[in-house]
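*Asks:* generate coordinates for the sequence data below:
(2 chains)
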Amino acid sequence: MTTPHERRPTPSDAELMLATAAGNMGAFEQLVFRYQAAAWNAAYRFLGDAAEAEDIAQQAFLNILQAAERYEPSASFRTYLYRVVTRLCIDRSRKKQPVYTDDLSARATPGSSPADAAERGERDDAVRAALARLPDRQRMAVVLRYYEGLSGPEIAAAMGASVKAIERLLARARSGLEQDLADFLGK
Amino acid sequence: MRCEQVRQKLDAFAANELAAGVREEVKNHLAACDACRQALARQRELAALLRGMPAPRVPEDFAARLMSAARERLSTRGQPATAPASPWRWWTSVPVPMRLAGAAVLAISLSLGALMGRDVARGAAAAPSASAQADPTAVYNLGFLADAPSGSLAEAYLTLASAPAEEGR
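*Replies:* Below is the predicted model of the structure:
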């Protein structure tokens, strides 16, 4: 199975969006399969809650479906999706501060000792708590950069800011994270 | 390039996203600045720590639930391209002749309302209200207090009851 970044998928995202706008739900379903992980993961990393992540990711796709006719093929679908997810996440966060309630990932790595697993759990909890303390836009910039692997210009497009503004945002976020995670850095 | 500018570009530098000229400037600064080299090392360490977090797993039936919700929405609202999302979208989806007719009806209604309101206001201005004209002494049968001695409580009450009528004139 290939990801969208390994080679250009066929049909392209733009073609699928045009077909979606014409009422082709099969085309929309293909987009959902291609990008469900991107939308869900970004929302989960930002909000820290699986139910909230599902709600946001679903709403993002439904918004895109509803506005399919206004999609411009010149804009990357991936960036467009992150823009919708970003807006929904920040709106949700303003109404409700993120609470990191669950960890869907498997903490116990096969072959690791209980002490290693405990140490990893402590470190992961500290990272989640440090992320939760960041202001909304800094946290989203970190999620898009370090977890979703977006470039500076892509983050700028997704967050509706200039590349320089994103550089400053990330620098401030790094500074806060370095302070909060000092115990886990420099080891 | 100053240290502050270099620190802001460390993410882009580490990801090899800077334009050649800017990258060269940052490299030259790093070669000469120990503090910024340490900042770059911390940036790399932090990136590794963040990326070391286990990846969450998307629920297996997420796509199925999403498609079910999408089909349900379409069945209740019609095609995606025509589904109005807001009052403004609804308004723009109405044919232009109907929009013009609606706007004309609204304008006529507002004009009639304004004219009728003006007539009512004029009538009200021409005829002072009954309450403003009425003498409270007569309205409340307080005539028996008219002979109250000066400085008595009854005289004070009569003065107080008459005050609004005096002010209204």
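
*Asks:* next, work out how far apart the residue nearest the centre of chain A and A:L31 are.
*Replies:* By C-alpha atoms, centre = their mean, the mean C-alpha position of chain A lies nearest to A:A42, the distance being 1.8 Å. Computed as C-beta to C-beta, to the nearest Å, the A:A42 to A:L31 distance reads 16 Å. For the C-beta atoms, the positions are set from N, CA and C on the backbone; glycine is no exception.

*Asks:* what about chain A, any weak spots by pLDDT?
*Replies:* A:1-8, A:97-112, A:187 (pLDDT under 70).

*Asks:* any buried residues in the top helix by length along it, and which?
*Replies:* Ranked by residue count and defined by DSSP state H, the top helix of chain A is helix A:25-47. Within helix A:25-47, the residues that count as buried by 16 or more other C-beta atoms under 10 Å in any protein chain shown are A:25, A:27-32, A:34-47.

*Asks:* intersect those residues with the contacts of chain B.
*Replies:* Counting by C-beta under 8 Å from any C-beta of the partner chain, A:25, A:28-29, A:32, A:36-37, A:40-41, A:44-45 from the buried residues of helix A:25-47 sit close to chain B.

*Asks:* from those, pick the one nearest A:Q66.
*Replies:* Closest to A:Q66 out of these is A:F28 (10.9 Å), distances taken as C-beta to C-beta.

*Asks:* grab the nearest non-local neighbour of the closest one.
*Replies:* A:T20 (4.3 Å; C-beta to C-beta, 6 or more residues apart in numbering or on different chains).

*Asks:* now A:N41
*Replies:* A:N41's closest residue in space is B:P56 (C-beta to C-beta, 6+ apart), at 6.0 Å.

*Asks:* for the one you found, give its distance to B:Q38.
*Replies:* 32 Å.

*Asks:* same question, B:G151
*Replies:* Per C-beta to C-beta, B:G151 is found 92 Å from B:Q38.

*Asks:* which ones are touching A:S76?
*Replies:* A:13, A:154, A:157 (C-beta atoms under 8 Å, 6 or more residues apart in numbering or on different chains).

*Asks:* phi first, then psi, for A:P135.
*Replies:* The phi/psi pair for A:P135 (degrees, to the nearest 10) reads phi -60, psi 150.

*Asks:* ok so, going back, just the contacts of A:S76 now: which is nearest chain B?
*Replies:* Nearest to chain B among the contacts of A:S76, counting by C-beta to the nearest C-beta, is A:E154 at 9.9 Å.

*Asks:* more crowded one of B:P56 and B:Q38?
*Replies:* Taking other C-beta atoms under 10 Å in any protein chain shown, B:P56 and B:Q38 do not tie; B:P56 has more neighbours (20 against 10).

*Asks:* how would you label that one: helix, strand or coil?
*Replies:* Following DSSP: H, G, I helix; E, B strand; the rest coil, B:P56 is assigned to coil.

*Asks:* for the one 4 residues further on, same thing?
*Replies:* Secondary structure of B:E60, reduced to three states by three-state DSSP: coil.
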